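Q: Structure for this input, please:
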Amino acid sequence: MIKSVRKAVFPVGGMGTRFLPVTKAMPKEMLPVVDKPLIQYAVEEAQLAGIEEFIFVTGRGKTAIEDHFDHSIELELAMTARGKENEASIGRPMFCPGKVAYTRQQEPLGLGHAVWCARELVGDEPFAILLADDLLMADIPCLKQMISSYEETGGNVVAVMDIPPNHTDRYGIINPGCEKNRLVEVRGLVEKPSPEDAPSTLSVVGRYILLPDIFKHLDRQNVGAGGEVQLTDSMEKMIGKDPFHGLRFIGKRFDCGDKIGFQEANIAFAMEREDLRDPLLKILARYSE
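A: Numbers count the residues shown, from 1 in each chain. This is a model prediction of the structure:
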């Protein structure tokens, strides 16, 4: 019997060095796309996918994330007194009590280490991982698409997309097997290979559904590419035991860990807003002259 995916892990302990100096005092996950921080988009995606418990792996200087999802009674009362109910609702927490947990990654030792820090909170059940840097725009939320596939296949499921050949050294790359519909069999995984060594151009992006066996491999704390504990290395060791698939999700991905990707995300999401589209088009036209 396939167990339901009820829990999601959000690794938010990174230093955000690519966005210095703003990330010197602000968590990169709190950078706004239009009027919501990146981390809120990831949380809302998880909620729409049916996730029930939310686990944040934070680090020093990340308390703004915790505050953002907490109850802001001052904001709620002030907006209610002014008759602004929509704004008042923003001050209310997004989670039911007891459904959110925070644990700290004391050192930024890589994504694998961050996920390992959540092991006691995840327990012995399948779970999702969402990276806020990867902002996904989709009619059906990417994680919801993945859970539908997981319920058919079981095992491990990761979101995948094709990337330019010269970008393979930025991502975990799949050695693909058979492909059916949008599901690709994962026969191997390599973290950040050079273009000449990459088995394909099919890259893992920041959405995962993993079985709890991953923690047995992460327990070893083996250091990989970049001197960090890489999640990809432990996932690779799970291939062959249980089903392992990549899902070519339907949607668009914005790399918000990159300055250009972040700017594009702001434009794309603003263009989806009726109140912003026309004014933004006029501004863009002025800069394209």
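
Q: ok, and what's touching stretch 152-168?
A: 2, 136, 142, 146, 149-150, 170-171, 174, 183-184, 186, 192-195, 198, 201-211, 235, 238, 242-249, 253 (Cβ atoms under 8 Å, 6 or more residues apart in numbering). Using the backbone N, CA and C atoms, a C-beta is placed for each residue, glycine as well.

Q: What's the ChimeraX line that selects buried ones from those residues?
A: To isolate the buried ones among those in ChimeraX, judged by 16 or more other Cβ atoms under 10 Å, type:
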select :136,142,146,149,150,171,174,183,184,186,192,193,198,201,202,203,204,205,206,207,208,209,210,211,235,238,243,244,245,246,247,249,253
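
Q: for this structure, what spans make up the strands?
A: 7-11, 32-33, 36-37, 53-58, 100-104, 127-130, 134-137, 156-162, 172-180, 183-191, 202-210, 244-248, 252-255 (DSSP state E).

Q: Can I get those strands in a markdown table including distance to Pro279 and mean pLDDT?
A: A markdown table is the format used below for these (distance: least, Cβ to Cβ, whole Å; pLDDT from 0 to 100):
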| stretch | distance to Pro279 | mean pLDDT |
| --- | --- | --- |
| strand 7-11 | 33 | 97 |
| strand 32-33 | 17 | 96 |
| strand 36-37 | 19 | 94 |
| strand 53-58 | 35 | 95 |
| strand 100-104 | 36 | 93 |
| strand 127-130 | 31 | 98 |
| strand 134-137 | 20 | 96 |
| strand 156-162 | 31 | 96 |
| strand 172-180 | 39 | 91 |
| strand 183-191 | 41 | 92 |
| strand 202-210 | 31 | 95 |
| strand 244-248 | 35 | 96 |
| strand 252-255 | 21 | 95 |
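
Q: Count the residues that sit near Glu45.
A: When neighbours are defined as other Cβ atoms under 10 Å, Glu45 has 22 of them.

Q: what do you get for the one 5 residues further on?
A: Taking other Cβ under 10 Å as the criterion, the count of residues near Gly50 is 13.

Q: residues touching it, list them.
A: If you count contacts by Cβ under 8 Å, 6+ apart, then Gly50 has Val5, Lys144, Ile147 around it.

Q: Which member of these is positioned nearest Asp275?
A: Ranked by distance to Asp275 (Cβ to Cβ), the contacts of Gly50 are led by Lys144 at 26.6 Å.

Q: what about the closest one, distance to Leu231?
A: Counting by Cβ to Cβ, to the nearest Å, the separation of Lys144 from Leu231 is 22 Å.

Q: Looking at the two, which has the bigger crowd around it?
A: Leu231 (29 against 16).

Q: Okay, now the unreliable bits of the chain?
A: For the chain, applying pLDDT under 70 flags the ranges 224-226.

Q: re the thing from before, tabulate the strands of the chain in JSON lines, adding columns for distance to Ala46.
A: As requested, the strands of the chain are exported to JSON lines (distance: least, Cβ to Cβ, whole Å):
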{"stretch": "strand 7-11", "distance to Ala46": "5"}
{"stretch": "strand 32-33", "distance to Ala46": "17"}
{"stretch": "strand 36-37", "distance to Ala46": "14"}
{"stretch": "strand 53-58", "distance to Ala46": "7"}
{"stretch": "strand 100-104", "distance to Ala46": "11"}
{"stretch": "strand 127-130", "distance to Ala46": "6"}
{"stretch": "strand 134-137", "distance to Ala46": "12"}
{"stretch": "strand 156-162", "distance to Ala46": "13"}
{"stretch": "strand 172-180", "distance to Ala46": "21"}
{"stretch": "strand 183-191", "distance to Ala46": "21"}
{"stretch": "strand 202-210", "distance to Ala46": "10"}
{"stretch": "strand 244-248", "distance to Ala46": "16"}
{"stretch": "strand 252-255", "distance to Ala46": "16"}
